[in-house]
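Asker: Quick one, what's the 3D model for this:
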Amino acid sequence: MSHNGSSAPGRPVRDVVFVDGLRTPFGRAGEKGIYAGTRADDLIVKCLRELLRRNPSLPPGRIDEVAIAATTQSGDQGLTLGRTAALLAGLPRTVPGFAIDRMCAGAMTAVTSTAGGIGFGAYDVVIAGGVEHMGNHPMGSGADPNPRFMSERLVDPAALNMGNTAENLHDRFPSITKERADAYAVASQKKFDDARHGGRIQQDLVPVATLKPGQGWTLNTVDEPPRPDTTIADLATLRTPFRAHGRVTAGNSAGLNDGATAAILASAEAAVELGLPVRMRLVSYAYAGVEPEVMGIGPVPATEKALKNAGLAIEDIGLFEINEAFAVQVLSFLDHFGIADDDPRVNRYGGAIAVGHPLASSGVRLMNQLARQFEEDQSVRYGITTMCVGLGMGATVIWENPHHPGYNVAPQGESAATTQTVSEGAA
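Answerer: Model (predicted):
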């Protein structure tokens with residue numbers, strides 16, 4: 001390809017849209033959890049098949065890529081999960097796939113990496129998601145951290161235990177007390193319960209049938225982790241497992257969970273061509289690194305970076321979906337940006353403290369909830385999905401609401417025609 005003159009030949013960056021997203025009900029990890037004895041890959045296959053059922057105008061052969069994340073890529077979460085899930089879901093064998101690991105931000109990275117391919121023109125339609133069966137694969141199982149991490153003091157020993165990193169955040173920000181963290185956790189439980197009873201959660205869940213010896217089949221249709229009756233008095237009595245007289249408890253943290261998520265993304269032109277809904281438009285995204293021993297602060301620099309890339313300010317964001325790995329981590333984000341603990345823009349449907357955090361799957365759960373809120377509140381133009389990531393990272397995606405009166409994408413038919421003209425001119 002030659003470059004003559006000031007303008008480079010080739011096609012312009014295309015708009016990327018979020019078409020649809022769903023997930024399994026989340027379960028509690030362990031022998032008593034709803035997915036004990038269920039394979040992780042079967043959970044993601046459920047999501048893929050339901051996405052296709054819900055979007056009958058999408059020919060399976062038009063899917064250009066399947067990107068599926070898992071943090072522990074072995075056993076039933078191994079073997080190039082995107083490809084094996086595509087085959088197991090009955091997609092045409094012409095559909096390729098791959099696996100991704102960015103710990104908690106796995107599904108989010110699956111979305112942004114394939115979105116880059118759509119923007120570039122390599123893909124028209126993709127499926128991106130994640131799965132984590134923490135019952136089958138406890139956090140860190142099978143991992144062999146290089147001894148240099150400790151012998152050369154490359155990271156603080158606390159960096160390899162997420163609970164310890166949360167305690168470190170409390171140390172760094174003394175104004176974030178255990179009482180504040182507990183109050184935030186109780187509010188998350190209530191908001192999630194209200195959203196569920198208001199019909200805002202169930203419509204994006206795919207029922208999963210499970211078989212257990214001696215119990216027969218069970219159809220799982222609701223999330224297992226929520227504890228809607230939690231009170232601040234209850235949380236005050238919980239032990240602090242990461243530090244004596246600490247502040248982080250099982251009540252103000254996300255639990256250990258099993259679950260899967262998946263979403264369809266497309267170019268704006270392909271969505272028009274195939275008659276697919278447009279629920280959000282991707283505006284920008286960013287990842288950032290921080291000190292591993294305070295990994296929970298990661299969403300702050302990632303959000304600043306994503307806002308700068310988009311030419312937006314924090315005041316432009318009307319809805320926040322923040323993954324609640326720990327209450328202290330959300331509160332550190334809110335304090336940095338001067339947002340109140342109970343700001344109605346933040347986690348309107350509750351968060352991971354209530355519903356759970358099956359590591360690599362959580363990014364798409366945030367997107368599902370934001371897309372529902374966009375439909376419900378058309379006064380909001382921009383929203384973000386953001387999360388902290390193990391080993392000291394943050395991840396943020398900014399989305400635009402297509403239902404907002406100022407939605408700034410050219411009419412989609414016109415956009416497609418313009419792109420085609422530019423491409424032909426370049427050729």
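Asker: from here on, contacts and neighbour counts on C-alpha atoms
Answerer: OK.
Asker: didn't T231 look like it was pressed against V186?
Answerer: Yes: applying C-alpha atoms under 8 Å, one finds T231 in contact with V186, separated by 6.1 Å.
Asker: neighbour-wise, which of these two wins?
Answerer: Between T231 and V186, counting by other C-alpha atoms under 10 Å, V186 is the more crowded of the two (23 against 17).
Asker: Name the SS class of that one, please.
Answerer: helix (DSSP: H, G, I helix; E, B strand; the rest coil).
Asker: cool, and T261?
Answerer: strand.
Asker: With the one 10 residues further on instead?
Answerer: Going by three-state DSSP, the secondary structure assigned to A271 is helix.
Asker: which residues in the stretch 301-427 of the chain form helices?
Answerer: Taking DSSP state H, counting those that start in this stretch as the criterion, the stretch 301-427 of the chain carries its helices at 327-336, 352-355, 362-376, 412-426.
Asker: helices or strands up against the first one?
Answerer: Spelled out, that is helix 327-336. Applying 3 or more C-alpha pairs under 8 Å, 6 or more residues apart in numbering; DSSP states H and E, one finds that helix 327-336 contacts helix 162-172, helix 178-197, helix 299-310.
Asker: residues in contact with it?
Answerer: Residues from elsewhere that reach helix 327-336 (C-alpha atoms under 8 Å, 6 or more residues apart in numbering): 166, 169-170, 173, 176, 181-182, 184-185, 252-253, 296-297, 299-300, 322-324, 340-341, 353, 388.
Asker: in stretch 162-182, what's buried?
Answerer: Residues of stretch 162-182 classed as buried: 162-170, 176-178, 180-182 (neighbour count, 16 or more other C-alpha atoms under 10 Å).
Asker: Quick one: mean pLDDT for that stretch?
Answerer: For stretch 162-182, the mean per-residue pLDDT is 96.
Asker: got the CA coordinates for that stretch in PDB?
Answerer: Output of stretch 162-182 as PDB, limited to C-alpha atoms (Å, rounded to 0.1, in the frame of the first residue of the first chain):
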ATOM      1  CA  MET A 162      -6.900  -9.600  46.300                       C
ATOM      2  CA  GLY A 163      -8.300  -9.200  49.800                       C
ATOM      3  CA  ASN A 164      -5.000  -7.900  51.100                       C
ATOM      4  CA  THR A 165      -4.900  -5.300  48.300                       C
ATOM      5  CA  ALA A 166      -8.300  -4.100  49.500                       C
ATOM      6  CA  GLU A 167      -7.100  -3.700  53.000                       C
ATOM      7  CA  ASN A 168      -4.200  -1.700  51.600                       C
ATOM      8  CA  LEU A 169      -6.700   0.600  50.000                       C
ATOM      9  CA  HIS A 170      -8.300   1.200  53.300                       C
ATOM     10  CA  ASP A 171      -4.900   2.100  54.700                       C
ATOM     11  CA  ARG A 172      -4.200   4.500  51.900                       C
ATOM     12  CA  PHE A 173      -7.600   6.200  52.300                       C
ATOM     13  CA  PRO A 174      -8.400   6.400  56.000                       C
ATOM     14  CA  SER A 175     -11.700   8.300  55.200                       C
ATOM     15  CA  ILE A 176     -13.000   5.100  53.700                       C
ATOM     16  CA  THR A 177     -14.000   3.400  56.900                       C
ATOM     17  CA  LYS A 178     -15.400  -0.100  57.400                       C
ATOM     18  CA  GLU A 179     -18.700   1.600  58.300                       C
ATOM     19  CA  ARG A 180     -18.800   3.300  54.900                       C
ATOM     20  CA  ALA A 181     -17.900   0.100  53.100                       C
ATOM     21  CA  ASP A 182     -20.700  -1.800  54.900                       C
END
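Asker: Report the angle between the one helix or strand V19 maps to and helix 362-376.
Answerer: Assigned by DSSP states H and E, V19 belongs to strand 16-23. Relative orientation of strand 16-23 versus helix 362-376 (axes from the mean of the first three to the mean of the last three C-alpha atoms, to 10 degrees): 110 degrees.
Asker: Show me where the stretch 201-350 of the chain has its strands.
Answerer: All strands of the stretch 201-350 of the chain, identified by DSSP state E, counting those that start in this stretch, fall at 208-212, 216-220, 257-267, 280-289, 317-322.
Asker: What residues sit buried inside the second one?
Answerer: Which is strand 216-220. Residues N220 are the ones in strand 216-220 that count as buried (16+ other C-alpha under 10 Å).
Asker: Parallel or antiparallel, which strands does it pair with?
Answerer: Paired with strand 216-220 in the same sheet, following DSSP bridges, are strand 208-212 (antiparallel).
Asker: what does the partner strand rub up against?
Answerer: The contact list for strand 208-212 (C-alpha under 8 Å, 6+ apart) reads 24-25, 34-38, 43, 46, 217-221.
Asker: Quick one: neighbours of the residue nearest to M387 when sequence neighbours are not counted, just the number.
Answerer: Counting by C-alpha to C-alpha, 6 or more residues apart in numbering, M387 lies nearest to N323, which is 5.0 Å off, once chain neighbours are set aside. N323: 29 surrounding residues under other C-alpha under 10 Å.
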